[in-house]
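Undergrad: Fold the following, please.
(chains A and B)
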There are 2 protein chains.
Amino acid sequence: MHNEASRDHNLKSVEELGERKIIDIILKHLEPMPNMPIPFGDDVSAVDIRNRKLAVIKTDMLVGKTDMPPEMSLWQAARKAVIMNISDLAAKGVKPIALLTAMGIPRDLKQEDIVQIAKGQNAGAREYGAYVLGGDTNEASDIVISCTAFGIGERDRLMLRSGAKTGDIVAVTGCFGKTKAGLKILLQGLSAPQKLRETLVDSVLMPHARLKEGLSLAQTGVVTASIDSSDGLAVSLHELSKASNVGFIIDNLPVAEEAREFADLHGFDAVELCLYGGEEYELVVTVKPMLWKKVEKASALIKIGRVTQNKEITLKVRGKTLPIEPRGWEHFKTN
Amino acid sequence: MHNEASRDHNLKSVEELGERKIIDIILKHLEPMPNMPIPFGDDVSAVDIRNRKLAVIKTDMLVGKTDMPPEMSLWQAARKAVIMNISDLAAKGVKPIALLTAMGIPRDLKQEDIVQIAKGQNAGAREYGAYVLGGDTNEASDIVISCTAFGIGERDRLMLRSGAKTGDIVAVTGCFGKTKAGLKILLQGLSAPQKLRETLVDSVLMPHARLKEGLSLAQTGVVTASIDSSDGLAVSLHELSKASNVGFIIDNLPVAEEAREFADLHGFDAVELCLYGGEEYELVVTVKPMLWKKVEKASALIKIGRVTQNKEITLKVRGKTLPIEPRGWEHFKTN
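TA: I've put the predicted structure just below:
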């Protein structure tokens, strides 16, 4: 029987729910495949093939209206749609082999626009040694570029979200905050000196996936958990926490120099830019502390904190301890 | 140098180009993977894994605005997005194992709508023994459900578009015309007696992929070419013709009884409904004539004609020979 309360619940709009709650609702209604090699909700999905190899697949969609800031060309958007997916494979330590793209194309696009989209996709794939094998085109109101990446992973080398252990070191492949600053420039028209502006805007328009780093880290065998930071550093830590059932103390916040400069210029909090951004494609990993040296040799990492048993995620900064909140880039929510 | 003519050419809108020309433009700008096991432009794409096995992938997008007629529920749309992709694997003789879905969701959808979408996807996958492993959600103006299907194929059993030979028999897994009639009911409000209406509308809202047939046919090893008929019978024949470099004489048009009834009722040409529809998921195959018996045992097929050396595609009906035109369902074109 539907009572008043459950009806209200069912009538919640997606705007009230937010993306992460929507995903939870969807997953609750999918029958799980027996012996799934990678659980629901990790960065990628996989199917067992044989000899402990996995077919690894990921699909992620770019929508013009919400994911294409001003100044982003169609070439850049198409390239980015590919990079987003490659980044997820990178976070698991899997080399992308092939990509497919399904596209929604508004009627007013021109032939040259289509050429730019095709070239952008191809460029994104070739940068990482992969190829676009095919796709599908459709008419839509928005530009939509839905990309699928495919690779073969080794079951024993895959870096999941779920393996972080108390005492592990938390590390990242680079600094954070540039994209949130870049989006403020592009979306809110904030100013910055030319060179700084270029760097910040470029971080949004021309993202890079940490594939080399992901592959090297996976080979070491000492990374206990890994995620890409496309929803921002804070959300990535919260996702790792949820999957690994641990907490984090972050005592060395990896704020990008340019983000700090931009924050100073406009009186923003650089910590905010660093933690609560998104559309960044660094890897956030946890590492067995005894084996840190091995990881350090494989890839330049920045230590940012420790894994804790209690599930809080906190920031130690200037002697104070502050909670790191589970917010950042999320569709349907006003960011 | 861009002269006036080439500028005009580049300024052609996607509406003038139409979907098939857009696909040609995209493919021209993609660097082909060396030794692609399946060429560009077939129903699916593939990557060699080992022991003559292929990882087979397909992505196909459903867009609310253009692909969801009135009366189609979100559950049905989500299920259909899955079926469309499974049908392409079926046409190649590949069993689907896993599906991913990337979705664009308008802000005004409710929680219950999300539940229906999730259930519809799951139902579509489970009907064919596959599982939805994950996906991605985004905000968009239209409902967009972009689905990717994955399966493992045997290289030597794969039924491509390209193998039809002069003298082969052309056959289909079922009759055509119901969906075009159903769409006329749904989109133009045409009437039909209740039982007929139900059958025709149902063919649009609840499509079925010919997976069992595709798998059995592939096992026989005597199907020389195969395609699914999602763009209509005429376009499917033209696509097979292009890929195999042959023509066809169709002398037994597989008009569905219900399509004929509907045509009689409204004074339409049943031939038109049968040839130039779309959103149908029958398989169109060619078979070595000496081995027809083997195929007949594997699956109930309807012989509709012969493969010819000259590349014309013609229909023989009541003593007349008519050309079969390359038209049918095509995005961006007014159908």
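
Undergrad: for the closest residue in space to A:Gly163 that isn't next to it in sequence, helix, strand, or coil?
TA: In space, and not counting its chain neighbours, A:Gly163 is closest to A:Thr224: 4.1 Å by Cβ to Cβ, 6 or more residues apart in numbering or on different chains. In this view, the C-beta of every residue, glycine as well, is placed from N, C-alpha and C. Here A:Thr224 is recorded as strand under DSSP: H, G, I helix; E, B strand; the rest coil.

Undergrad: domain ranges for chain A?
TA: A:32-154, A:169-323 (automatic domain parsing).

Undergrad: mind listing what A:Leu109 touches?
TA: Applying Cβ atoms under 8 Å, 6 or more residues apart in numbering or on different chains to A:Leu109 gives the contacts A:Ile143, B:Ser13, B:Val14.

Undergrad: For chain B, tell me whether the longest helix belonging to chain A is touching it.
TA: Identified as the longest helix of chain A according to DSSP state H is helix A:74-92. No. Using Cβ under 8 Å from any Cβ of the partner chain, helix A:74-92 never reaches chain B; the gap is at least 9.1 Å.

Undergrad: right, and the helix or strand after that helix?
TA: Next helix or strand after helix A:74-92 toward the C-terminus (DSSP states H and E): strand A:96-105.

Undergrad: what about the strands in chain A?
TA: Taking DSSP state E to define them, one finds strands in chain A at A:45-48, A:53-63, A:96-105, A:131-139, A:144-154, A:169-172, A:223-228, A:247-250, A:283-287, A:302-308, A:313-317, A:320-323.

Undergrad: Quick check: closest non-adjacent residue to A:Lys212.
TA: A:Lys212 sits nearest to A:Ser299 (Cβ to Cβ, 6+ apart), 7.7 Å away.

Undergrad: My error: substitute A:Gly120 in the last question.
TA: Counting by Cβ to Cβ, 6+ apart, A:Gly120 lies nearest to A:Ala78, which is 3.1 Å off, once chain neighbours are set aside.

Undergrad: Surely that neighbour is in contact with A:Ile145?
TA: Yes. Using Cβ atoms under 8 Å, A:Ala78 is in contact with A:Ile145, at 5.8 Å.

Undergrad: Please state the backbone phi and psi of A:Ile143?
TA: Note on A:Ile143: its backbone torsions stand at phi -70, psi 130 [degrees, to the nearest 10].

Undergrad: who's in contact with it?
TA: A:Ile143 neighbours (Cβ under 8 Å, 6+ apart): A:Leu62, A:Val63, A:Gly64, A:Met68, A:Leu74, A:Ala77, A:Met103, A:Gly104, A:Ile105, A:Pro106, A:Leu109.

Undergrad: among those residues, who's most crowded?
TA: The most crowded member of those is A:Gly104, carrying 30 neighbours; neighbours defined as other Cβ atoms under 10 Å in any protein chain shown.

Undergrad: Export the strands of chain A to JSON lines and append columns for mean pLDDT.
TA: Putting the strands of chain A into JSON lines (pLDDT from 0 to 100) gives the following:
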{"stretch": "strand A:45-48", "mean pLDDT": "96"}
{"stretch": "strand A:53-63", "mean pLDDT": "97"}
{"stretch": "strand A:96-105", "mean pLDDT": "97"}
{"stretch": "strand A:131-139", "mean pLDDT": "93"}
{"stretch": "strand A:144-154", "mean pLDDT": "97"}
{"stretch": "strand A:169-172", "mean pLDDT": "98"}
{"stretch": "strand A:223-228", "mean pLDDT": "98"}
{"stretch": "strand A:247-250", "mean pLDDT": "98"}
{"stretch": "strand A:283-287", "mean pLDDT": "98"}
{"stretch": "strand A:302-308", "mean pLDDT": "98"}
{"stretch": "strand A:313-317", "mean pLDDT": "96"}
{"stretch": "strand A:320-323", "mean pLDDT": "95"}
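
Undergrad: got those strands as JSON lines, with distance to B:Arg155 columns?
TA: Converted to JSON lines, the strands of chain A look like this (distance: least, Cβ to Cβ, whole Å):
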{"stretch": "strand A:45-48", "distance to B:Arg155": "18"}
{"stretch": "strand A:53-63", "distance to B:Arg155": "16"}
{"stretch": "strand A:96-105", "distance to B:Arg155": "16"}
{"stretch": "strand A:131-139", "distance to B:Arg155": "16"}
{"stretch": "strand A:144-154", "distance to B:Arg155": "16"}
{"stretch": "strand A:169-172", "distance to B:Arg155": "42"}
{"stretch": "strand A:223-228", "distance to B:Arg155": "33"}
{"stretch": "strand A:247-250", "distance to B:Arg155": "47"}
{"stretch": "strand A:283-287", "distance to B:Arg155": "35"}
{"stretch": "strand A:302-308", "distance to B:Arg155": "45"}
{"stretch": "strand A:313-317", "distance to B:Arg155": "49"}
{"stretch": "strand A:320-323", "distance to B:Arg155": "55"}
